[in-house]
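Peer 1: Here is my input, please return the structure:
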Amino acid sequence: MELSMYNLDDKVLLDNCRSMSASVVYESEGEWHRLAFVPQTRMVVLGASNHIATSVIIEACEADNVSVIKRPSGGEAVLVSPQTLCYASCFISTKLPRSADFFSDNLEYITNALSSFG
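Peer 2: Numbering: from 1, shown residues only. Predicted coordinates for the structure are as follows:
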């Protein structure tokens, strides 16, 4: 089984953030870029350091016609589908936030967005 090209909706967000961070210096407060989306098909998404041979049951993916892609960011392998809400965020700043602050800010953003639905 071969890896398919990364094509989820957040690819443009990630590419744009990379180009902005390489060419523009922002003030110390930084700038958030966020996107929520639902994948159109089922697929296994590997983290950047995962390997298909050790993170995927290849026979099961082939039997179920599930493609495998590798995202440019970290994390572990996950199965996504049209029943999955995916969320991507980039923070561009001259200083990296602490990991705990990054996750806390994102959790607060998601919680507030979901609470607006009641």
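Peer 1: which is the next helix or strand following the worst-scoring helix or strand of the chain on mean pLDDT?
Peer 2: The helix or strand of the chain with the lowest confidence, counting by mean pLDDT, DSSP states H and E, is helix 11-23 at a mean of 76. Downstream of helix 11-23, the first helix or strand assigned by DSSP states H and E is strand 31-37.
Peer 1: Against which helices or strands is that following strand packed?
Peer 2: Counting contacts by 3 or more C-beta pairs under 8 Å, 6 or more residues apart in numbering; DSSP states H and E, strand 31-37 is packed against helix 11-23, strand 86-92, helix 99-115. Just so you know, the C-beta spots here come from the backbone N, C-alpha and C atoms, and that holds for glycine as well.
Peer 1: Identify all contacting residues around the second one.
Peer 2: Right, the one you point to is strand 86-92. 8-10, 13-14, 17, 20-21, 24, 26, 30-39, 80, 97, 102, 105-106, 109-110 (C-beta atoms under 8 Å, 6 or more residues apart in numbering).
Peer 1: so what's the residue nearest the centre of the chain scoring on pLDDT?
Peer 2: Nearest to the geometric centre of the chain sits residue 88, at 4.6 Å (C-alpha atoms, centre = their mean). For residue 88, the pLDDT comes out at 90.
Peer 1: Which residues does it form beta bridges with?
Peer 2: Per DSSP bridges, the residues bridged to residue 88 are residue 35.
Peer 1: Quick check: the gap between it and residue 30.
Peer 2: Note on residue 88: its distance to residue 30, by C-beta to C-beta, to the nearest Å, is 16 Å.
Peer 1: what distance separates the start and the end of stretch 3-20?
Peer 2: Start-to-end span of stretch 3-20 (C-alpha to C-alpha, to the nearest Å) is 28 Å.
Peer 1: buried sites along it?
Peer 2: Across stretch 3-20, burial judged by 16 or more other C-beta atoms under 10 Å covers 8, 10, 13, 14, 17.
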